[in-house]
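Asks: Sequence and predicted structure are below.
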Amino acid sequence: MPLPNHWEAYFHQNALHNVYMRCPHCDTPSTFAVTNVGQDPAGTKIIYYAILQCNSTRCRKRTYVITTKNGAQNADQDRQTDSLTFYPSGPELTAHKSIPDLIAKDWVGHKNASTWEPRRPQR
């Protein structure tokens, strides 16, 4: 997946230092503290594996990120050829506060299960 518009990363000497993106937990644009970075060479690119912590005071949750960058020392990320994958991919589903708890739990369960597809019996 090409880099989304809400992603900005700063690299210094091929090390990931600063990240700005929309937090998948609180859905707020924020800077992130970069912790636990691993990297692997992959041809002319470097794959970065990082755990980021949202700097928003109401959130502070962590996000796991995998991104790529050209292996050249002073190269920036290319929005078309580099990729970004992060988990979780979006905020946790919650029902509106006005919905009774039993119905809200059922609605969230249905929404979470809607991506699940049963296996068809083999003949």
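Replies: Ah, there it is. Residues are numbered from 1 along each chain as shown.

Asks: starting at the chain centroid, how far to the least confident helix or strand in the chain by mean pLDDT?
Replies: None of the helices or strands of the chain scores lower by mean pLDDT, DSSP states H and E than helix 101-113, at a mean of 73. Averaged C-alpha coordinates place helix 101-113 at 24 Å from its chain's average position (Cα atoms, centre = their mean, to the nearest Å).

Asks: Which residues outside it are in contact with it?
Replies: Residues outside helix 101-113 that contact it (Cβ atoms under 8 Å, 6 or more residues apart in numbering) are 93-96, 99. Yep, even glycine has a C-beta here, placed from its N, CA and C like the rest.

Asks: buried sites along it?
Replies: Within helix 101-113, no residue counts as buried by 16 or more other Cβ atoms under 10 Å.

Asks: The residue nearest to the spatial centre of the chain pairs with what?
Replies: Note on the chain: the residue nearest the mean C-alpha position is F86, at 2.5 Å, using Cα atoms, centre = their mean. Going by DSSP bridges, F86 is paired in beta bridges with V65.

Asks: Assess the claim that it and C23 are in contact.
Replies: No - contact criterion Cβ atoms under 8 Å: F86 and C23 do not qualify, at 10.0 Å.

Asks: Overlap in contacts, those two.
Replies: Common neighbours of F86 and C23 (Cβ under 8 Å, 6+ apart) are T63.
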